[in-house]
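>>> heads up, no residue letters with this:
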């Protein structure tokens, strides 16, 4: 008490926080700190035993005593980690910026009351009503007597009956003759023939084919028979158009295919196919698996592939299932042809109406350029030579145009930054809530957000990220078409202006009036091709009914977007713009000249530089 009276006399009336810090400084020691810290670390919230109010304030008092300078927000975040992952996640999902300790406690009580998060299910023991089974000796079934499966004699388990001649011996005997039955009455089979080489299909003197039979799909399975493959692979020899070839049984291939180079040795006719798997065509042929006692012929449709390095035909899982081809991976690898586990699979049908390929020259080039020129307008008065030169340069620099797999460019070295004329903390006008929207507007907004996420223009902000600035968005309608517009008015008010000059329309029209040849292109969504700095990303966050999202690329509605874009264009094309033959106004790129050679030269230079910086353009005008 003497210490208290002396401090009161020296310092007068002080608030409780000052007395608390003086008490800790005077009376606290290492043991007390260790004990308080251990108590906090060992205290885990249990919704069945602890009350949220008592437990939360007790943990807060402990942390405040250990760390007097720590803010309430940091203390609340640390205490939430002691509540368990499910309860912590649920509280953070419904919390917002500026939540106090009382708000967190109310949220915790509400979640515990309405849900079973943090609670355990108690299993009520029940009395067993199982009645023990009573077995009677007179009800036990009698075991049948052992019977030989060959001779049928009871108790003959030693196999003492006389052995008959095996099927293998009868197959290779001199008296064996193969009857030439009609194809439709014969079941597909493969006989076992063990000759000198052990691999009959790889002998130098190929056996004469006897009784070639058509394999039936999923109808039959031979009682016996093997066709040997190579040692450590599933490659065997066949006949195709009376020429010996190699086939690989590949269970990982979904269709049968063959390389163009390997097919040149056989040279059958093949037809064009769709471009879903980018083939050269379809080969409709029969494959014959030779065997001295009965060869098997199967009907196949094989996809011919370009740039395929395999030196054999790949028979995919489709025909392995259809014809029941089984591969045995024992020491002596072999395969059988017949029914496989009684699984009936529909036949693999390719389109019947297939146009014949007359020539393959420049096929990919013509298709690629034609796809790019779908929305382009080329003047019919151009000579064939000019048109050919234009197609060549478009094909050479096709990476400068947008494609399905890369619809947006990613321009390098021109990240956009935003500078504000105010300091943190930011005013409430920069932290708005989402605007109310009709069901139609919400549906359109969700569609726009998903499209921008797929284009890597937006990303969802996590629930544990701090959001200092957020702006709402609206949906603008024009001719039944919607457009998402961000309300960046407050942000633009506090943004430092960038007064970079933009070309005048009158000067542009004056240059165009003297041109004889004009080439017009459009930088596809040019603003979305420019990245943002990490600082600018945090300032360009929008709030919707779906959550908070962050722009990864420059949006159209911010204050200095046209100035940033024009500066970037002048940096990429300085020489072309100074010569006066190139006009770029925001997203429109126009090449104007008085001769075709000059127009073509500038076009090549523009496409070359656009491809270097990864700018994507569109030929639509």
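Perfect, thanks for sending it. What you see is a predicted model, and the numbers here were worked out from it, not measured in a lab.
>>> I'd like to know how far residue 509 sits from residue 520.
Using Cβ to Cβ, to the nearest Å, residue 509 is found at 14 Å from residue 520. (C-beta placed from N, C-alpha, C; glycine too.)
>>> the two: which is more packed in?
Applying other Cβ atoms under 10 Å to residue 509 and residue 520 shows that residue 520 carries more neighbours, namely 15 against 10.
>>> give me the phi and psi angles of the more buried one.
Backbone torsions of residue 520, given as degrees, to the nearest 10, read phi -120, psi 130.
>>> residues in contact with it?
Contact analysis of residue 520 by Cβ atoms under 8 Å, 6 or more residues apart in numbering lists 588-591, 621.
>>> any low-confidence regions in the stretch 501-621 of the chain?
By pLDDT under 70, the weakly predicted segments of the stretch 501-621 of the chain are 619-621.
>>> go on, the stretch 51-200 of the chain?
For the stretch 51-200 of the chain (pLDDT under 70), the answer is 118, 120-200.
>>> the helix or strand containing residue 41: what's the following helix or strand?
Assigned by DSSP states H and E, residue 41 falls within helix 30-42. Remark: after helix 30-42, the chain's next helix or strand is helix 52-66, criterion DSSP H and E.
>>> any buried residues in that next one, and which?
Residues of helix 52-66 classed as buried: 52, 55-56, 59-60, 62-65 (neighbour count, 16 or more other Cβ atoms under 10 Å).
>>> what angle do that helix and helix 30-42 make?
Orientation note: helix 52-66 sits at an angle of 140 degrees relative to helix 30-42 (axes from the mean of the first three to the mean of the last three Cα atoms, to 10 degrees).
>>> now do helix 52-66: everything it contacts.
20, 24, 28, 33, 36-37, 39-40, 43, 45, 70, 75-76, 78-79, 82, 101, 104-105, 108-109, 112.
>>> which SSE is the closest residue to residue 472 other than its chain neighbours in?
Spatial nearest neighbour of residue 472, excluding adjacent residues (Cβ to Cβ, 6 or more residues apart in numbering): residue 435 at 4.6 Å. Under the criterion DSSP H and E, no helix or strand holds residue 435.
>>> so residue 435 makes contact with residue 484?
No - shown here, residue 435 and residue 484 do not form a contact pair, counting by Cβ atoms under 8 Å, at 11.9 Å.
>>> between the two, which contacts overlap?
Overlap between the contact sets of residue 435 and residue 484, as judged by Cβ under 8 Å, 6+ apart, is given by 473-474.
>>> those two: which has the busier surroundings?
Per other Cβ under 10 Å, whichever of residue 435 and residue 484 has more neighbours is residue 484, with 22 against 14.
>>> next, that one: phi, psi?
phi -80, psi 130.
>>> one more: residue 485?
Backbone dihedrals for residue 485, given as degrees, to the nearest 10, come out at phi -120, psi 130.
>>> residues contacting it?
If you count contacts by Cβ under 8 Å, 6+ apart, residue 485 has them with 473-476, 557.
>>> give me the buried subset of the residues you listed.
473, 475, 557.
>>> need the strands for the stretch 451-600 of the chain, in chain order.
Applying DSSP state E, counting those that start in this stretch to the stretch 451-600 of the chain gives strands spanning 458-460, 471-478, 481-486, 517-523, 541-544, 547-551, 582-585, 588-593.
>>> closest one to residue 424 among these?
strand 541-544 (15.0 Å; Cβ to Cβ).
>>> about what we covered before: farthest-apart pair in the contacts of residue 485, please.
Largest separation among these by Cβ to Cβ: 475 and 557, giving 13.4 Å.
>>> now the residue nearest to residue 472: how far from residue 544?
9 Å.
>>> and residue 414, helix, strand or coil?
State at residue 414, reduced to three classes by DSSP: H, G, I helix; E, B strand; the rest coil: coil.
>>> skipping its backbone neighbours, what lies nearest it in space?
residue 568 (4.4 Å).
>>> wouldn't that neighbour be in contact with residue 411 here?
Yes - counting by Cβ under 8 Å, residue 568 touches residue 411, with 6.9 Å between them.
>>> list the residues that contact both of the two?
Residues touching both residue 568 and residue 411 (Cβ under 8 Å, 6+ apart) are residue 530.
>>> tell me if residue 111 really is in a helix.
Yes - applying three-state DSSP, one finds residue 111 inside a helix.
>>> report the separation between it and residue 550.
Plainly put, residue 111 is 28 Å away from residue 550 if you go by Cβ to Cβ.
>>> check residue 475 too.
Distance of residue 475 to residue 550, given as Cβ to Cβ: 20 Å.
>>> go on, residue 240?
Noted for residue 240: a distance of 59 Å to residue 550, by Cβ to Cβ.
>>> same deal with residue 415?
As judged by Cβ to Cβ, residue 415 and residue 550 stand 15 Å apart.
>>> mean confidence for whichever helix or strand residue 304 is part of?
Per DSSP H and E, residue 304 falls inside strand 296-305. Summarised as a single mean, pLDDT over strand 296-305 is 83.
>>> sheet-wise, list the partners of that strand with their directions.
Applying DSSP bridges, strand 296-305 is found paired with strand 213-214 (parallel), strand 257-259 (parallel), strand 281-289 (antiparallel).
>>> for the closest residue to residue 234 other than its chain neighbours, what are its contacts?
Excluding its sequence neighbours, the residue lying closest to residue 234 (Cβ to Cβ, 6+ apart) is residue 249, at 4.1 Å. Each residue near residue 249 by Cβ under 8 Å, 6+ apart is listed here: 229, 234-236, 315, 320, 325, 327, 335.
>>> who does residue 249 bridge with?
Beta-bridge partners, per DSSP bridges, of residue 249: residue 315.
>>> same check on the one 10 residues further on?
Applying DSSP bridges to residue 259 gives these bridge partners: residue 305.
>>> next one: residue 420
With DSSP bridges as the rule, residue 420 is bridged to residue 495.
>>> run a quick neighbour tally on it.
With other Cβ under 10 Å as criterion, residue 420 counts 16.
>>> flag the shaky bits of the stretch 301-450 of the chain, pLDDT-wise.
For the stretch 301-450 of the chain (pLDDT under 70), the answer is 307, 309, 328-334, 338-376.
>>> for it, which segments count as strands?
In the stretch 301-450 of the chain, the strands defined using DSSP E, counting those that start in this stretch lie at 313-315, 325-328, 334-337.
>>> show me this structure divided up by domain.
With domains defined by automatic domain parsing, the chain comprises 17-114, 177-337, 363-396, 428-618.
>>> could you dump these into CSV and include distance to residue 402?
Below are the domains of the chain laid out as CSV (distance: least, Cβ to Cβ, whole Å):
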stretch, distance to residue 402
domain 17-114, 38
domain 177-337, 19
domain 363-396, 9
domain 428-618, 4
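>>> distance of residue 283 relative to residue 305?
Distance, residue 283 to residue 305, using Cβ to Cβ: 11 Å.
>>> what do these two both touch?
Common contacts of residue 283 and residue 305 (Cβ under 8 Å, 6+ apart): residue 258.
>>> what's around the nearest residue to residue 563 once chain neighbours are set aside, how many residues?
With Cβ to Cβ, 6+ apart as the criterion, residue 563 has its nearest non-adjacent residue at 3.9 Å, and that residue is residue 500. Using other Cβ under 10 Å, the number of residues around residue 500 comes to 13.
>>> can you pull the phi/psi pair for the nearest residue to residue 526 once chain neighbours are set aside?
Among residues not flanking residue 526 along the chain, residue 587 sits closest, at 4.2 Å (Cβ to Cβ, 6+ apart). With angles defined as degrees, to the nearest 10, residue 587 shows backbone torsions of phi -100, psi 0.
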